[in-house]
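Peer 1: Turn this into a model:
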Amino acid sequence: IGDEAVKTLGEAIRYAPALQSVSIYLHYGISDDTVEALGEAIRHAPALQSIGLNSLGISDDAMQALGKAFRDAPALQNISLSFFDEITDDIMEALGEAIR
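Peer 2: Sure, this is the predicted structure:
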């Protein structure tokens, strides 16, 4: 799927009043702006308790934005992460900070 589909998914996540769980696969070709928009949707999802995220080829900046969104999501209790490419220390630190 492309940027527009991910943005549409993000809007659905943000405004779904009872959505409790979502699993997302992000891959090469998805822009940083789109990943950041998805993060904003997650940040404001009122009931989202669980996220499964698979990542391939997403930039460090975009992953850091997602980590911050995880930190701020009001109901988030469970995060499952899978990385299919190299991940930097900066990303792991940002995700660790978000989880804390």
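
Peer 1: Stretch 23-33 - what's its average pLDDT?
Peer 2: Stretch 23-33 shows an average pLDDT of 86 in the prediction.

Peer 1: Same question for that stretch: list its buried residues.
Peer 2: Across stretch 23-33, burial judged by 16 or more other Cβ atoms under 10 Å covers 24, 26, 30. All C-beta atoms are positioned from the backbone trio N, CA, C, and that covers glycine.

Peer 1: for the second one, which residues make a bridge with it?
Peer 2: Which is residue 26. Counting by DSSP bridges, residue 26 is bridged to residue 55.

Peer 1: so how far is residue 19 from it?
Peer 2: From residue 26 over to residue 19 the distance is 18 Å, taken as Cβ to Cβ, to the nearest Å.

Peer 1: just so I have it, where are all the strands in this protein?
Peer 2: Assignment of strands within the chain using DSSP state E yields the ranges 21-26, 50-55, 78-83.

Peer 1: Just the pLDDT at residue 3, thanks.
Peer 2: pLDDT, residue 3: 86.

Peer 1: swap in residue 100?
Peer 2: With respect to pLDDT, residue 100 has a value of 69.

Peer 1: tilt between the worst-scoring helix or strand of the chain on mean pLDDT and strand 50-55?
Peer 2: Scoring the helices and strands of the chain by mean pLDDT, DSSP states H and E places helix 89-99 at the bottom, with a mean of 73. Going by axes from the mean of the first three to the mean of the last three Cα atoms, to 10 degrees, helix 89-99 is angled at 170 degrees with respect to strand 50-55.
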